[in-house]
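**Student:** show me how the following folds:
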Amino acid sequence: MNEVIRLLTNHRSFRQYTRQAVEPEKLKTIIEAAQAAPSWVNGQQVSVIAVRSEERKQQLSVLSGNQKHVAEAPVFLVFCMDFHRARLAAELEDQPFEAAGDVDALLVGATDVGIALANAVAAAESLGLGIIPIGGVRRRTAEVIELLQLPEYVFPVAGLCIGYPGEELPKKPRLPMAAVYHEETYNPDQKALIQEYNETHRESLRAQGLTGRDWSSTIARFYALNPQYGDAGRTLKQQGFTCDNLNKEQP
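**Tutor:** Reported below is the predicted structural model:
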């Protein structure tokens, strides 16, 4: 198997890390990989903030829902969608800046962050490091914005713990490919595929001597208990993303 494909299909998410520091040259390589990712109109609508301070990591750990691995990882990266530079470009060119009023800016920013984050994950794992993405930075974004001193038009989308793994983990099974990969039109037979995956999920837990909920039960419970995740509805507007063009007719 191609080494890149082997790496991508062998992913694990680690919550425990050794105390070994992440070498500066490795962190630089990870950021270079993230920055090399494609972006909409080459706008490069992503900024990454590296946090190594024990005090600041502890604060982010609490703000992310008391996830202790955020504090324990040697490096915590916060990936932000960033239209601040686009606004500055508009000022430099004496042009109006209207993008933040369009909901498409949110799609662009989140997509660009996702692609950059994926590059960073692949780069980190290729260097022998372990990672886990953290969506919890969106729980209390007002405080994250203040802590990281994010300017207007910059918004935290996801975090990434990076460090040397302090545990051995099995590979988690994924949904059947037929549930995710569709040819020509969407495959409507999703319930049967979810039930099939529930059994695979149970077998994986049993092999580890564990018990737990079915995948469908876990996901259903999460979205039942988290109908609104975090405070983004308020802080997006605070950061300038008004989306007030939503009901305007497009040319």
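**Student:** and Glu143, how far from Val62?
**Tutor:** Distance from Glu143 to Val62, counting by Cβ to Cβ, to the nearest Å: 9 Å. Where C-beta positions appear, they are placed from N, C-alpha and C, glycine not excepted.
**Student:** for Pro133, same thing?
**Tutor:** Counting by Cβ to Cβ - Pro133 and Val62 are separated by 18 Å.
**Student:** kindly report the same for Ala36.
**Tutor:** The value you get for Ala36 to Val62, if Cβ to Cβ is used, is 33 Å.
**Student:** name the next helix or strand downstream of whichever strand or helix holds Val48, please.
**Tutor:** Secondary structure from DSSP states H and E places Val48 in strand 46-51. The helix or strand immediately downstream of strand 46-51 is helix 54-63, counting by DSSP H and E.
**Student:** in the helix or strand following that following helix, what's buried?
**Tutor:** Per DSSP H and E, the first helix or strand lying C-terminal to helix 54-63 is helix 68-72. Within helix 68-72, the residues that qualify as buried are His69, Val70, Ala71, Glu72, counting by 16 or more other Cβ atoms under 10 Å.
**Student:** could I get those in TSV, plus columns for distance to Asp189 and pLDDT?
**Tutor:** TSV is the format used below for the buried residues of helix 68-72 (distance: Cβ to Cβ, whole Å; pLDDT from 0 to 100):
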residue	distance to Asp189	pLDDT
His69	37	97
Val70	39	98
Ala71	43	97
Glu72	42	97
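**Student:** and of the residues you listed, the nearest to Glu91?
**Tutor:** Val70 (35.3 Å; Cβ to Cβ).
**Student:** can you tell me how far that closest one is from Leu7?
**Tutor:** Taken as Cβ to Cβ, the span from Val70 to Leu7 is 24 Å.
**Student:** likewise Phe14?
**Tutor:** Distance from Phe14 to Leu7, by Cβ to Cβ: 15 Å.
**Student:** so for those two, which sits in the more crowded spot?
**Tutor:** Neighbours per residue (other Cβ atoms under 10 Å) separate Phe14 from Leu7, with Phe14 holding more: 20 against 15.
**Student:** could you check which helix or strand contains that one?
**Tutor:** Counting by DSSP H and E, Phe14 is held by no secondary-structure element, helix or strand.
**Student:** who's in contact with it?
**Tutor:** Going by Cβ atoms under 8 Å, 6 or more residues apart in numbering, Phe14 touches His69, Gly130, Ile131, Ile132, Cys161, Gly163, Pro165, Gly166, Glu167, Leu169.
**Student:** rerun that using 6 Å as the cut-off
**Tutor:** By Cβ atoms under 6 Å, 6 or more residues apart in numbering, the residues touching Phe14 are Gly130, Ile132, Pro165.
**Student:** torsion angles phi and psi at Met81?
**Tutor:** phi -80, psi 140 (degrees, to the nearest 10).
**Student:** just give the number of residues close to the closest residue to it other than its chain neighbours.
**Tutor:** Distance criterion Cβ to Cβ, 6 or more residues apart in numbering; nearest residue to Met81, sequence neighbours excluded, is Gly109 at 2.7 Å. Counted with other Cβ under 10 Å, the neighbours of Gly109 add up to 26.
**Student:** cool, Asn226 as well?
**Tutor:** Burial measure for Asn226: 10 neighbouring residues, criterion other Cβ under 10 Å.
**Student:** next one: stretch 22-31 to chain centre, how far?
**Tutor:** On the basis of Cα atoms, centre = their mean, to the nearest Å, stretch 22-31 sits 19 Å off its chain's mean C-alpha point.
**Student:** same question for stretch 39-56.
**Tutor:** 11 Å.
**Student:** just stretch 88-100 next, same as before
**Tutor:** 28 Å.
**Student:** buried stuff in stretch 163-174?
**Tutor:** Buried-residue list, stretch 163-174, by 16+ other Cβ under 10 Å: Gly163, Tyr164, Pro165.
**Student:** what residue is smack in the middle of this structure?
**Tutor:** In the chain, the centroid-proximal residue (Cα atoms, centre = their mean) is Ala158; its distance is 3.8 Å.
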